[in-house]
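> coords please:
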Amino acid sequence: MIKRADRGFHRADRDGVMDVIAEQTIGAVGDMISMDSNAACVVKRLNSTGAFVLTSTPTIAPGKFDGQELWLVGNPAMPAAVTIQDAATLAGSGIRLSGVNQAHNLRDVTALRWNASVGEWWLSSARVNNL
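Predicted structure coming up:
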């Protein structure tokens, strides 16, 4: 279960299966989304200082094990979109989004699953556009 607190999301489970990380602010196109948890499912809230199409390779740090999930959630106070690019657009991004880049605005959610056995990719498993 995830609960919202005044300072953002916090971990609310009791067995360590889900880890909710504090927001990450993107301030440049070369920033990489960090992945610093060994939990099975990680929720990362994105914020930005402007509109950015990320060009870092990889765009998201590698997962810790096959099947690890990462949910990217746009901060409700986000002033502009952060776009992650499919590997078909940005070679080396390490992300497979069915060939479509995804802009994260406020409250948007993208669920990704790490799969090292098919070439170390974050594979898109769900997308919700909440604008």
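
> In this structure, what residue spans correspond to helices?
For the chain, applying DSSP state H gives no helices.

> center of it, which residue is that?
Centroid-nearest residue in the chain: Leu72, 3.3 Å away (criterion: C-alpha atoms, centre = their mean).

> what pLDDT does that one get?
Note on Leu72: pLDDT of 93.

> cool, Phe9 as well?
Per-residue confidence (pLDDT) for Phe9: 43.

> hey, where'd the strands end up in this protein?
Assignment of strands within the chain using DSSP state E yields the ranges 3-5, 8-10, 18-26, 41-48, 52-53, 69-74, 82-84, 95-96, 102-104, 109-115, 121-128.

> how near is Gly74 to Arg96?
Going from Gly74 to Arg96 by C-beta to C-beta, to the nearest Å gives 20 Å. Quick note: C-beta positions are derived from backbone N, CA and C, even for glycine.

> re earlier: just the strands of the chain: most buried one?
Looking across the strands of the chain with neighbours counted as mean count of other C-beta atoms under 10 Å, the highest average goes to strand 82-84: a mean of 24.

> same for it, what does it pack against?
strand 52-53, strand 102-104 (3 or more C-beta pairs under 8 Å, 6 or more residues apart in numbering; DSSP states H and E).

> Dump those to a markdown table, plus mean pLDDT and distance to Pro79.
Below are these laid out as a markdown table (pLDDT from 0 to 100; distance: least, C-beta to C-beta, whole Å):
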| stretch | mean pLDDT | distance to Pro79 |
| --- | --- | --- |
| strand 52-53 | 96 | 11 |
| strand 102-104 | 88 | 12 |
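
> could you dump those strands to CSV with distance to Cys41?
Below are those laid out as CSV (distance: least, C-beta to C-beta, whole Å):
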stretch, distance to Cys41
strand 52-53, 25
strand 102-104, 18
